[in-house]
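Enquirer: got a sequence here, can you build the structure:
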Amino acid sequence: DAWDFLAQMNLIELEAKDNLTLAKVVQAYHADKFHGPCKLFEVGDLVLLSTWNRQDIFKKTGKKHVTK
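Expert: Presented below is the predicted three-dimensional model:
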């Protein structure tokens, strides 16, 4: 009957959620396998930042022109 169908659909939904969670954990494990532990920075640490992707910010003309 309808209640059995709903119960079965609920079990299928829970199983699908479990499978998605398992897939997420396995994917994270394999993604992190080749990464080392990340370095934690403290307040006052000196760091070097790359501005490679921000090279052209000062080259714009017109309304979006940046002046120093």
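
Enquirer: how about residue 19, what does it touch?
Expert: Under the criterion of CB atoms under 8 Å, 6 or more residues apart in numbering, residue 19 has no contact partners. C-betas here are computed from N, CA, C, even on glycine.

Enquirer: look up phi and psi at it.
Expert: The phi/psi pair for residue 19 (degrees, to the nearest 10) reads phi -70, psi -40.

Enquirer: now do stretch 29-36, average pLDDT.
Expert: Averaged across stretch 29-36, pLDDT comes to 89.

Enquirer: in that stretch, what counts as buried?
Expert: Judged by neighbour count (16 or more other CB atoms under 10 Å), stretch 29-36 contains no buried residues.

Enquirer: distance of the most centrally placed residue in the chain from residue 15?
Expert: Closest to where the C-alpha atoms of the chain average out (CA atoms, centre = their mean) is residue 28, at 10.6 Å. With distances taken as CB to CB, to the nearest Å, residue 28 is found 21 Å from residue 15.

Enquirer: what does residue 49 give?
Expert: Distance, residue 49 to residue 15, using CB to CB: 46 Å.

Enquirer: same question for residue 7.
Expert: Counting by CB to CB, the gap from residue 7 to residue 15 is 13 Å.

Enquirer: low-confidence ranges, the chain, go.
Expert: 55-62, 64-68 (pLDDT under 70).

Enquirer: what are the ranges of the helices in the protein?
Expert: Counting by DSSP state H, the segments of the chain that form helices are 2-32.

Enquirer: state the number of residues packed around residue 54.
Expert: Counted with other CB atoms under 10 Å, residues neighbouring residue 54 total 9.

Enquirer: what does residue 22 give?
Expert: By other CB under 10 Å, neighbour count at residue 22 equals 10.

Enquirer: tell me how far it lies from residue 12.
Expert: In terms of CB to CB, residue 22 sits 16 Å off from residue 12.

Enquirer: now swap in residue 40 and tell me
Expert: Distance of residue 40 to residue 12, computed by CB to CB: 43 Å.

Enquirer: more crowded one of those two?
Expert: Neighbours per residue (other CB under 10 Å) separate residue 40 from residue 12, with residue 12 holding more: 10 against 6.
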